[in-house]
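Q: Got a predicted model here, sequence first, then my questions.
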Amino acid sequence: MLKHKHSNLTGQASSRIILAIVMVAEVALFVSCKTKSFTQLEYMPDMYRQMSVRPQESDPSAPSGVGMRQPPAGTIPRHWQPYMLSLADTAEANATNNPLPPTAEVMAAGQKYYSNYCIVCHGARGDGLGYIVPKMTMPPQLFNDKVMKWSDGRIYHVITHGQGLMMSYASQLLPEQRWAIIHYVRALQRAARPTEEDLRMAKMSPYTLEDDLPDTAKAKLWPEK
Ligand code: HEC
């Protein structure tokens, strides 16, 4: 066979090389296994040791020595619109209109954010039968007479400030996401309290509300007793 035709010397040299590789690998294995509490070798250490101040780190150059700084008083992030109405300004809120048109894209976004943030309490149909009920007090139906009469701005007011047991969603949802949700809430209202015309149109449609409910609405989260 070809292998046996090599000289003895070449054979010895190659087995030495293999041995050396095995030894180096073994040493590397032991060194890396010795302790896990600190890194033995830092490859490209500037990835770890940066000039930037990380969250919770101190910064001697900061006035208070605290790394995380407060924005200067009276400043707001770029493009951020402050909500000027206080909780009690319900009449002004009621006079505010939805700046978004109810396009298919907006409705899809509304459904998505409703499913992420509201469904858990208000339920897929807005009937107050969210997964959390009855572990938490059942919220009112979003198609009750009061909310049906409210303007979009008044619903926006509730999402932004919260109401009673419901907390504010201003920190989780951008203004346009809140407005999109309201269009979707209007669709849920219409599904729950359809007009004669809506019913007539629904009969001609191949779809039902059930087809359109998010998958999460069909899942059973709590086992039945
Ligand atoms: C943690 C549960 C919970 C979540 C999540 C929640 N709500 Fe509520 N919501 C409530 C409860 C409870 C009330 C009744 C509060 C009260 O008046 O005491 C309420 C009230 C409301 C009302 C006023 C209804 C009325 O008849 O006064 C609207 C509108 C509303 N929620 C919309 C939303 C929207 C839109 C979302 C998603 C962005 C949302 N809620 C998320 C629990 C929740």
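A: Structure received. Not measured: the values here are computed from a predicted model.
Q: For the chain, what lies in contact range of the ligand?
A: 117-118, 120-122, 137, 139-140, 142, 144, 146-147, 155, 158-159, 163-166, 169, 181, 185 (Cβ under 6 Å from any ligand atom). For the C-beta atoms, the positions are set from N, CA and C on the backbone; glycine is no exception.
Q: Could you identify the buried members of these?
A: 117-118, 121-122, 139-140, 142, 147, 155, 158-159, 169, 181, 185 (16 or more other Cβ atoms under 10 Å).
Q: For residue 56, pull up the helix or strand it's in.
A: In the assignment (DSSP states H and E), residue 56 maps to no helix and no strand.
Q: Can you read off the pLDDT for it?
A: Residue 56 is assigned 88 on the pLDDT scale.
Q: from this protein, which residue is nearest to the ligand?
A: Using Cβ to the nearest ligand atom, the closest approach of the chain to the ligand is made by residue 164 at 2.1 Å.
Q: quick one: that residue and residue 94, what's the gap?
A: Noted for residue 164: a distance of 18 Å to residue 94, by Cβ to Cβ, to the nearest Å.
Q: now residue 193
A: Residue 193 sits 20 Å away from residue 94, going by Cβ to Cβ.
Q: Listing request: residues of the chain with sub-threshold pLDDT.
A: 1-11, 28-36, 39, 214-225 (pLDDT under 70).
Q: how about the helices in it?
A: Using DSSP state H, the helices of the chain run over 8-34, 90-94, 104-117, 119-122, 145-149, 152-161, 175-192, 196-204, 209-212, 215-218.
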